[in-house]
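Participant: fold the following and give me the result.
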Amino acid sequence: MGEGAALSVYSIAAHRGFADALVAGLVPRYGEQDLGLARLTLLVPSSRAARTISEAFIRHCGATGAAGMLMPRMVTVGDLDLDEALGALLDPLGASDIPPAVEPTRRWLEIAELIALEHAAQGDTPLPGAARLRLAREMARVMDRLLVEEKAPEDLTSQSVLDMLGDLSGHWQNSLRLFARVQARWRGRLDELGAVDAATRRNLLFARATRKWRETPPEAPIVAAGVTSASPALARMLRVIAGLPGGAVVLPDLDLSLSEDAWAELGRAGASPEPGGQTFGARDALTHPQYHLKLLLGRMGVARAEVRPWHRKGLSAAPPARSRAISSLFLPPQASKAWIDLDSDERRLSGVRIMTNATGEEEAQAIALIVREALETPEKRVAVMTADRSLARRVAQHLARWNIDADDSAGQTLSLTPAGRLLGLLAELVSHGPDPVRVIAALSHPLVRKGDDEARREWLRSLRVFDRRLRRQTPAPGLTPLREIARGGGVAEWWDEAEAVIAPLIDDSAAMGLADALDRLAMAAEALAGEAVWSREDGRALGAMVEDLRRLARDIGTIAAPADIADVLRDAMDEIAVRPPYGGHPRVAIYGLLEARMTRADLVICGGLNEGSWPQAPGGDALLAPGVLRALGVPGAEYRIGLSAHDLAGALGAPEVVLSRAQRDAEGPTLPSRFLLRVEALLGRKTADAHRETRIPAMLALLDREADPAPEYPRPMPRPDGRLRKVDVKVTALDRLRGDPYQFYAQEILGLSKLGPLSADPFDDPALRGTLVHKILEAWHRARAVQPDLALVPFATRKFAEARLHPLFTGLWQPRILAALETFGQWIDNAQGEGRSVIASEADGAMKVQGITVRGRADRIDRLADGTLAIVDYKTGPPPKMKQVVAGYAMQMGLLGLIARDGAFSQGAISGEAGKFEFWSLGKDKDKDKDAFGYRLEPVKINKKRTGLTPEEFLPRHADFLDEAISKYLLGDAPFTAKENPDYDGYSDYDQLMRLEEWAIRLSNQQRDEA
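Facilitator: Modelled structure (predicted):
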């Protein structure tokens, strides 16, 4: 083939629809009698593109009435971003002269080991396992990026890089050195393996095909369609294809109408202005949708003037004016000044609508409604394009309400699928231990015992019992406390089965083999879910990943700390996209940006047009500074914004287009995409308003049948039957009965109790502190009866150790409690010298009042020197205020005094006149010594106190409070009114049950108006 032969390079304008227009031109040009297109070979960028073109052939047959057609052979050129290999034509079985590609997982793990060796050689602090593997993955990406651009490791030490090295900060210098040294080690390792990187092998295969076709042109025609990758090796192959007999290169959306000035303004695009100069300038318009095409043409050695328009159009073509408007829309900065003089035809975007919604949820609902409406038109095809996977999932969910099953071809990351989530939860147990939240999450996963309804029902029944028991306390780390909780809940047998799965995952060693961790995780997953964990598409993807990673990690000897295992696996699963099996609605598709290339529909909806979503924020290279990339001749990160712009330009060529965004997402207000702002600027304010889609958003409020307005919820005032009212009364519950009767009703009559959280903060758990302190003091008092000289603090320290408390509690609360207990012990010893002795601890007592049993427990009862009793109540928090005692909202001490007088306490049938009441608090007395823990307070008016009840009126007043409450609520028919006494500063456990927020504000407004 002569180098001077004419090149066949074409461009299909955006408005023509690439796949359909391509087929419309290929059939008459390459079709043969009987053979059809069977001799034609189509080189396409990806398997998704091959499927799109196949569908276009089927549509063409239907439109032309053809009975059938032999389609061309389609070969993918491969895409590292999509993890796709080259087709058999480019990578034949006989290509033994080219070394095999190293497995991606092996390369990832091996580079991580080389990073560790390099850090050790330099005397640097070693990176944790997860961070090291994350850095290895990033290094592998950078290596691929350089290899695709045919940059050898020696280029990192070229003069152009060395000249600008001194201008870099220390961070960039260190990153460059580390990358260069690890890459050098990796080259040596590749020589040992006799392999090459996948990107290198791809370049070698392209070069092999290029050489072969140049020397011996194939007899059958070859057409490269939709290939836009600008890698040098691929560009050279495309040039050869363009010069082959019957060969052609067909590019998507190359703007042939762009002026020469605007084309030049795009920048160098790989063409250095002087020999040896930089091929990418600092002012290159990398974000322009035509930039990567200019780079490709430059590397092919093809001038834009040599590219011819493809004059066939597809079945879903838009008016030609659309392409002119798209060209004007994306003019570079200086050329954009021409907007002032643009004719209306060059601004025309008829068929394009702009839709703005308040939230992402409303956007998804609006998009689904547009799709639903479009499907009413027979044969109309709809495509939803978005880079926002969350939006895509919500759109699919909204469509499901109309039984429209829409495939999201971009899929979702493996870590978010059921199988991946189960393995991730088990990995969390390896990394963080058997924390209650993680244990419950793993054991309640939907795949656990799936397939056997009865077994799952029994499993969940025991799990719920265990869950409720866990919410009563904050267990210490480890399996032993959980085992004791399960035994206390009567589900010990169930826990034995669960613990047999969890126990092998718990590893306290400093490091463990990654392969060993995967063995344990796979066994645990199978023990819980059986084959269900591997049976579906996500399970198959997970199984392939685990097997590949386990095999190579064992071969390489990859080691990681148990704390890193969860992060390592999540990172690995995040790299894998699980796509659903095809079979959804034939006229609806949801695409990511990569999957959407070359597709066309009658209606295209571009969703999520916000900055950070479309285009996505360019991730800066963490290893090589932008200046280093330019010196190497590699395009910067902004290059991908240009690809996103090209995706939008192609979508805008559809007959109908909806550009959609939301003003807010889950994180807060959003910024409209720069592309959407250009659309509005090109149209102008008045014209843009005419393009607004307002009908669909307005319909959202009417989409569902409007519910009847809910009646105003009244203030709860339940009046239970008299038989239900006669309940035993606890001395701690009388406060609620007087202050907030509804809470008493909910707790004592309905028997409802608050469900605590799993893994409650042990530092902020008063119930844990109170229960623990009371148990220690009770045990100490009983032991002291046998050992009078037994010291409190050493005894309490031993009890703390036996309790196996949470480390946070041990570190923060235990020292404070011990300091207060030391003070308590001194007070008790001093009191003994004054004739005061402890006669009971944690003593239960009761008395009858108007036929109602009043029960209470005294933390401690002392016998004073004069024979009267002293009642002591231990408080881990502040004691009640004097005004609460006076108002009858802190009645515990007074009622215990009444029980001592009118009833008895069980320990030795203790009874008698109570002459002293004391609160012993473990906190600090802010009015006295602010540094000492432990103080005493009496709830009566003595010494210089200005307010309170005197000792003489203390018990009589409490007796009156008690008689009034019993007569009114338990023996009478008074309603248990919610929040009856605003002065009661009690608990709020039942505020949600009483629906407080629905009536409290309305009630306060009424009271204010009445005032």
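Participant: residue 399 against residue 372, yeah?
Facilitator: Yes - contact criterion CB atoms under 8 Å: residue 399 and residue 372 qualify, at 7.1 Å. C-beta here means a position set from N, CA and C on the backbone, and glycine is covered the same way.
Participant: neighbour count winner among those two?
Facilitator: residue 399 (24 against 17; other CB atoms under 10 Å).
Participant: how about the secondary structure of residue 917?
Facilitator: Secondary structure assignment for residue 917 (DSSP: H, G, I helix; E, B strand; the rest coil): strand.
Participant: can you pull the contacts of it?
Facilitator: Each residue near residue 917 by CB atoms under 8 Å, 6 or more residues apart in numbering is listed here: 870, 871, 873, 893, 894, 897, 938, 939, 940, 954.
Participant: residue 379 - how many residues pack around it?
Facilitator: 9.
Participant: for residue 886, same thing?
Facilitator: 15.
Participant: quick one: it from residue 946, how far?
Facilitator: 12 Å (CB to CB, to the nearest Å).
Participant: try residue 1003
Facilitator: Taken as CB to CB, the span from residue 1003 to residue 946 is 34 Å.
Participant: more neighbours: which of these two?
Facilitator: Shown here are residue 1003 and residue 946; by other CB under 10 Å, residue 1003 has more neighbours (14 against 6).
Participant: picking that back up, now, the contacts of residue 917 that are in strands?
Facilitator: 870, 871, 873 (DSSP state E).
Participant: would you turn those into CSV with neighbour count?
Facilitator: CSV is the format used below for the ones in strands among the contacts of residue 917 (neighbours: other CB atoms under 10 Å):
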residue, neighbour count
870, 19
871, 26
873, 20
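Participant: just name the closest of these to residue 658, please.
Facilitator: residue 873 (68.9 Å; CB to CB).
Participant: contacts for stretch 819-837?
Facilitator: So stretch 819-837 is contacted by 773, 776-777, 791-793, 796, 838, 862-865, 870, 920-923, 932-934, 936 (CB under 8 Å, 6+ apart).
Participant: show me where the stretch 301-450 of the chain has its helices.
Facilitator: Remark: helices assigned in the stretch 301-450 of the chain by DSSP state H, counting those that start in this stretch are 321-329, 344-347, 360-374, 389-400, 418-432, 436-443.
Participant: what sits up against the second one?
Facilitator: Contacts of helix 344-347 with the rest of the structure, by CB under 8 Å, 6+ apart, involve 321, 324, 325, 328, 682, 683, 684, 687.
Participant: do stretch 463-472 as well
Facilitator: Contacts for stretch 463-472 (CB under 8 Å, 6+ apart): 436, 440, 443-444, 482, 485-486, 488-491, 494-495, 755-758, 760.
Participant: again, only using 10 Å
Facilitator: Outside stretch 463-472, the residues within contact range by CB atoms under 10 Å, 6 or more residues apart in numbering are 436-437, 439-440, 443-444, 448, 456, 460, 475, 481-482, 484-491, 494-495, 498, 753-760, 767-768, 771.
Participant: how far away is residue 658 from residue 767?
Facilitator: According to CB to CB, residue 658 and residue 767 sit 55 Å apart.
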